[in-house]
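Chemist: Okay, here's the prediction I keep looking at, along with the sequence it came from:
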Amino acid sequence: MSSQEASDTWETAFRGIVRLFPLPNLVLFPHVMQPLHIFEPRYRAMLEAALADDHLIGMALLAPGWESDYEGRPPLMPVGCLGRVAAHCRLEDGTYNLLLMGLRRFEIVEELPPVHLYREARVRLLPDCTAPNQTKMLAESLRRLQAVFARFTPFLPEARDQIDQLIAGKIDLPALTDVIAYIMDIPVADKYALLAETNVLARAAQLLERLESLDATGTAALEFPPPFSAN
């Protein structure tokens, strides 16, 4: 099955309700693959339900102050990212390793009453916003973003080939902004702001401003591909 056919399949079957996987320190973006290690019982139940159904999980960011109610239902930031389980492995102790492919932004419309161990919400998918008369501006933003990001690739030697292909390849501006926002070691609040921005030119401008303020020699904390993130 091609990637386009896979996309058509999940969008056709999507019912507007997602199983929520809220974390305090991880922002998933469309177009990227996130390794995850699932060990809490509620999130193991969430994953097993997803695997038995549509393989979809909604990654959400916990709102500030979550520490006082982590085991309960602390508030969530309103925008998240829908992901599809691309691969998974159940370990001997009952925990899971999985790869989650980011698909689309969503906005939480309402959280549903608790029925399962995990949380669920009704959501609205958020499309990227561009206008027909912005073709030249999109192309110029793409060129600038590729040029600025190229300064950081020497400090990611283990992924140099992948990133060089990314910069040189036929990738559009929405996808490139998401991939770079995901890769770069910037604060979670900044990553969330980039996720929540659906205007592609505005998102690119925010990302360019953030990248241009960074010192390329101080990016040792960058790691790509990313390590497994534990819930």
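Modeler: All right, it came through fine.
Chemist: can I assume residue 110 sits in a strand?
Modeler: Yes: counting by DSSP: H, G, I helix; E, B strand; the rest coil, residue 110 is located in a strand.
Chemist: From what I see, it and residue 120 are in contact.
Modeler: No: judged on Cβ atoms under 8 Å, residue 110 makes no contact with residue 120 at a distance of 10.1 Å. From N, CA and C alone the C-beta is placed, and that goes for glycine too.
Chemist: More neighbours: which of these two?
Modeler: Taking other Cβ atoms under 10 Å, residue 110 and residue 120 do not tie; residue 120 has more neighbours (18 against 8).
Chemist: Residues in a beta bridge with that one, which ones?
Modeler: Beta-bridge partners recorded for residue 120 (DSSP bridges): residue 19.
Chemist: Would you mind confirming that it is in contact with residue 20?
Modeler: Yes: between residue 120 and residue 20 a contact is recorded at 6.2 Å, counting by Cβ under 8 Å.
Chemist: Mind jotting down where the helices sit in the chain?
Modeler: Counting by DSSP state H, one finds helices in the chain at the ranges 3-13, 41-51, 135-150, 160-168, 173-183, 188-196, 200-212.
Chemist: For the third one, what does the pLDDT average out to?
Modeler: Helix 135-150 shows a mean pLDDT of 90 in the predicted model.
Chemist: What residues of it count as buried?
Modeler: Residues of helix 135-150 classed as buried: 138, 141-142, 145-146, 148-149 (neighbour count, 16 or more other Cβ atoms under 10 Å).
Chemist: Touching it from outside, list them.
Modeler: Here helix 135-150 makes contact (Cβ atoms under 8 Å, 6 or more residues apart in numbering) with 130, 163, 167, 172-173, 176-177, 180, 200-201, 204-205, 207-208, 211-212.
Chemist: Tell me the most packed of those residues, by neighbour count.
Modeler: Busiest of the contacts of helix 135-150 [other Cβ under 10 Å] is residue 177, holding 29 neighbours.
Chemist: How about residue 56, nearest residue that isn't a chain neighbour?
Modeler: Setting aside the residues directly before and after it, residue 56 is nearest to residue 84 in space (Cβ to Cβ, 6 or more residues apart in numbering), at 5.7 Å.
Chemist: Just the pLDDT for that neighbour.
Modeler: We have a pLDDT of 96 for residue 84.
Chemist: From residue 76, how far off is residue 90?
Modeler: 27 Å (Cβ to Cβ, to the nearest Å).
Chemist: Show me which of the two is the more surrounded one.
Modeler: Neighbour totals were compared for residue 90 and residue 76, and residue 76 leads with 19 against 15 (other Cβ under 10 Å).
Chemist: show me what contacts the more buried one?
Modeler: Contacts of residue 76 (Cβ under 8 Å, 6+ apart): 20, 22, 60-63, 108, 111.
Chemist: Could you write me a ChimeraX select line covering just the buried ones among these?
Modeler: Applying 16+ other Cβ under 10 Å to the contacts of residue 76 leaves a buried subset, and the ChimeraX line that selects it is:
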select :20,22,60,61,62,108,111
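Chemist: Quick check: the two most widely separated of the contacts of residue 76?
Modeler: Greatest spatial distance in the contacts of residue 76: 61 and 111, 14.2 Å, computed using Cβ to Cβ.
Chemist: pLDDT value on the closest residue to residue 193 other than its chain neighbours, please?
Modeler: Excluding its sequence neighbours, the residue lying closest to residue 193 (Cβ to Cβ, 6+ apart) is residue 206, at 6.7 Å. We have a pLDDT of 95 for residue 206.
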